[in-house]
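Q: take this sequence and fold it.
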Amino acid sequence: MERVTLRIPKQQVEEVERLVDSGEFPNRSEAIRSAVREMINDQEECRQHETNERGLAKV
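A: Sure thing, here's the model as predicted:
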């Protein structure tokens, strides 16, 4: 895995900490990795949906 350094607002860090403290994630890194995976999956679904819509429009 590669290390990435980023700056995010304190409020967002606190929200991530709450997720970790509640046991939803084992640590901040895993919570952020999960968020990135979800964002990538959402973007891919949007692209596929847009491709499907363009394909239907041509018919």
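Q: how far away is Thr5 from Asp21?
A: 23 Å (Cβ to Cβ, to the nearest Å). Where you see a C-beta, it was placed from the backbone N, CA and C, and this is true even at glycine.
Q: compare the two (neighbour count), which wins?
A: Remark: of Thr5 and Asp21, Asp21 carries more neighbours, 9 against 4, as counted by other Cβ atoms under 10 Å.
Q: so what's the more buried one up against?
A: Contacts for Asp21 (Cβ atoms under 8 Å, 6 or more residues apart in numbering) come out as none.
Q: also Ile32?
A: Contact criterion Cβ under 8 Å, 6+ apart gives Val16 as the residues in contact with Ile32.
Q: what does the one 5 residues further on give?
A: Counting by Cβ under 8 Å, 6+ apart, Arg37 makes contact with nothing.
Q: give me the mean pLDDT for the helix or strand that it is a member of.
A: Secondary-structure assignment from DSSP states H and E places Arg37 in helix 28-58. Within the predicted structure, the mean pLDDT of helix 28-58 is 88.
Q: offset the numbering so it begins at 31, please.
A: Fine by me, first position is 31 from now on; the one you just mentioned is helix 58-88.
Q: buried residues in it, which are they?
A: When neighbours are counted by 16 or more other Cβ atoms under 10 Å, the buried residues of helix 58-88 are found to be Ala61, Ile62.
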